[in-house]
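Colleague: model the structure of this input:
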Amino acid sequence: MPRSAKFPLMLTLGALCLAPAAARAGTADSTYDKLDVFAQVLQYIQNSYVEPVDPQQLVYGAIRGMMRTLDPHSAFMAPEEFKSMQEDTAGHFGGVGIEVELKEGELVVVSPIDDTPAARAGLLAGDRVLKIDGAEVEGMDSTEAMRRIKGVPGTKVVLTIDRPEFETPREFVLIRERIRMNPVDHSMPLPGYGLVRIRVFSERTDRYLAEALQALHKAAGGPLKGLVLDLRNNPGGLLDQAVRVVDRFIEEGLIVETLGRSRRAEKEFAHKQNTEPDYPLVCLVNGGSASASEIVAGALQDHGRALLMGVRTFGKGSVQTVVALKDGAGLKLTIARYYTPLHRSIQEQGILPDVIVPRNPPSGDSEIQVTREEDLKQHFKNPGSSEEDRRALEKIEDFQLRTALTYLKAWERFGGLRKQKPAATGGAAAGKPPR
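Modeller: The predicted structure is shown next:
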């Protein structure tokens with residue numbers, strides 16, 4: 001047997017033998033008494049099981065079982081799984097482009113990433129994963145499931161998916177790709193109005209956000225009239241990146257508070273440096289917005305900096321730390337709960353938007369079609385109309401985004417109402433109808 005295969009077992013048994021005598025002399029329910037039972041079972045398996053077993057797999061299996069007694073976000077990662085997780089954080093990996101989590105005992109899709117095999121195949125946030133390549137997911141944690149879904153680009157994975165509108169579960173055949181994510185996209189759907197989409201909070205998210213905002217200001221020829229910050233289907237990521245994103249939009253005050261077992265609060269505050277101008281801001285969220293996304297949304301909402309729009313978020317209000325172990329394995333452990341600036345816990349409840357906007361427009365509410373002046377041939381054009389903006393909005397198929405931009409336009413209009421006064425004299429030129 002290779003020396004490397006023996007190492008975990010030797011380490012475990014050594015720890016058992018070196019346990020303090022005082023601890024072993026405690027009550028029958030003490031931790032070290034139970035470790036003695038573990039060592040006894042391990043010995044029986046090695047000596048009497050019908051076939052030889054790999055000691056490393058036995059120990060790893062025991063650790064996985066121990067982690068499954070905790071919350072669904074705590075997990076043990078074998079060396080290859082730990083390496084894969086590190087690739088995710090860096091923003092590139094081989095897979096199909098989805099994030100999954102255990103929710104109420106079921107493995108659900110948190111979000112598909114845009115322009116990936118999962119998104120192109122039509123997978124949606126909230127889909128339940130029943131099987132991976134024919135293997136039932138019951139009993140798997142999210143780390144094990146992601147290990148099975150990811151793989152070498154060009155290879156196939158079959159996911160059995162269920163969702164409420166399906167009569168029976170359906171199989172989705174996906175071909176893995178090398179997923180290289182730019183965490184931030186930006187565009188200007190209307191003149192002066194920017195759109196920034198944050199896909200994930202990876203190592204370079206804040207840097208890409210700064211570059212996107214700089215490009216939008218340049219395209220607008222000055223400060224933006226308004227911005228849509230799109231966090232839909234963003235499964236989260238690094239806490240420090242979420243804090244930096246919020247810091248871009250507020251000058252001062254608490255961003256997030258974390259409370260661990262010691263009940264000692266860890267707080268992150270905003271700084272005035274590099275803060276964006278105080279333009280109107282709408283933040284889009286949905287059921288696929290989780291973890292770090294909810295930190296950003298909750299902080300912007302509590303500070304009154306952004307109008308939140310969409311549907312209720314995922315509800316992951318816990319903080320994990322990742323520990324590298326001696327043999328290349330890793331441990332992801334929940335160490336704290338986080339709270340918004342107004343000390344709201346996001347756990348299970350999620351963030352409720354200020355304005356609820358469904359993914360698709362309500363059916364049966366379309367406006368009755370009537371003929372208007374603008375429909376008549378050779379009608380006079382109004383030189384002051386915003387026809388271009390209206391037509392640009394109508395072309396946007398994304399209902400939630402279109403609603404967000406409409407709100408920003410209304411925001412600008414309401415802000416200018418009190419400043420806009422007709423001239424006391426001047427006839428038709430001043431807006432006064434001729435007699």
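Colleague: list the buried ones in the helix or strand where Ile335 lies?
Modeller: Element membership of Ile335 [criterion: DSSP states H and E] is strand 330-339. Within strand 330-339, the residues that count as buried by 16 or more other Cβ atoms under 10 Å are 330-334, 336, 338-339. The way it works is simple: take the backbone N, C-alpha and C, and place the C-beta from them, glycine included.
Colleague: just those now: which is nearest Glu388?
Modeller: Tyr338 (43.5 Å; Cβ to Cβ).
Colleague: pretty sure that closest one contacts Ser318?
Modeller: Yes. Applying Cβ atoms under 8 Å as the test, Tyr338 and Ser318 come out as touching, 7.2 Å apart.
Colleague: tell me which stretches of the stretch 301-435 of the chain form helices.
Modeller: 387-395, 399-417 (DSSP state H, counting those that start in this stretch).
Colleague: rank these by pLDDT, which is bottom?
Modeller: Of all those, mean pLDDT reaches its minimum on helix 387-395 (a mean of 77).
Colleague: that helix: how far from the chain's middle?
Modeller: Relative to its chain's centre, helix 387-395 lies at 31 Å (Cα atoms, centre = their mean, to the nearest Å).
Colleague: with stretch 64-72 instead?
Modeller: Worked out by Cα atoms, centre = their mean, stretch 64-72 lies 22 Å from the chain centre.
Colleague: what does stretch 394-410 give?
Modeller: 22 Å.
Colleague: what's in contact with it?
Modeller: Residues from elsewhere that reach stretch 394-410, judged by Cβ atoms under 8 Å, 6 or more residues apart in numbering: 189-190, 193, 195, 225-228, 230, 232, 280, 282, 284, 286, 307, 309-310, 355, 357-361, 389, 393.
Colleague: may I see the buried residues of it?
Modeller: Result for stretch 394-410 [16+ other Cβ under 10 Å]: buried residues 396, 398, 400-405, 407-409.
Colleague: now flag whichever of those is closest to Ile250.
Modeller: For the buried residues of stretch 394-410, the nearest to Ile250 is Leu408 (18.6 Å; Cβ to Cβ).
Colleague: nearest residue to the closest one in space, please, no chain neighbours.
Modeller: Leaving aside its chain neighbours, Leu408 sits nearest to Gly226 (3.6 Å; criterion: Cβ to Cβ, 6 or more residues apart in numbering).
Colleague: that neighbour against Trp411, yeah?
Modeller: Yes. Distance between Gly226 and Trp411: 6.3 Å, which falls inside the contact criterion (Cβ under 8 Å).
Colleague: overlap in contacts, these two.
Modeller: Pro280.
Colleague: the strands in the stretch 101-250 of the chain, which residues?
Modeller: 106-112, 128-132, 135-136, 156-162, 170-175, 177-180, 184-190, 193-198, 226-230 (DSSP state E, counting those that start in this stretch).
Colleague: which of the ones you listed comes out lowest on mean pLDDT?
Modeller: Looking at the strands of the stretch 101-250 of the chain, the bottom one is strand 177-180 with a mean of 81.
Colleague: so for Gly226 and Trp411, which sits in the more crowded spot?
Modeller: Gly226 (20 against 17; other Cβ atoms under 10 Å).
Colleague: number of nearby residues for Ala152?
Modeller: Wrong residue type there; residue 152 is Val, not Ala. 9.
Colleague: report the buried residues of stretch 145-153.
Modeller: In stretch 145-153, the ones that count as buried by 16+ other Cβ under 10 Å are 145-147, 149-151.
Colleague: what's the closest of the residues you listed to Lys267?
Modeller: Met146 (31.6 Å).
Colleague: for that closest one, which non-adjacent residue is spatially closest?
Modeller: Val100 (6.3 Å).
Colleague: which stretches in the stretch 151-300 of the chain count as helices?
Modeller: Under DSSP H, counting those that start in this stretch, the stretch 151-300 of the chain gives helices at 205-220, 239-247, 292-302.
Colleague: select, out of these, the one closest to Glu257.
Modeller: helix 292-302 (10.3 Å).
Colleague: show me what that closest one is packed up against.
Modeller: Counting contacts by 3 or more Cβ pairs under 8 Å, 6 or more residues apart in numbering; DSSP states H and E, helix 292-302 is packed against helix 239-247, strand 254-260, strand 281-285, strand 307-310.
Colleague: if we use 6 Å, what do you get?
Modeller: Applying 3 or more Cβ pairs under 6 Å, 6 or more residues apart in numbering; DSSP states H and E, we find helix 292-302 packed against helix 239-247, strand 281-285.
Colleague: having no further points to raise, I will conclude here.
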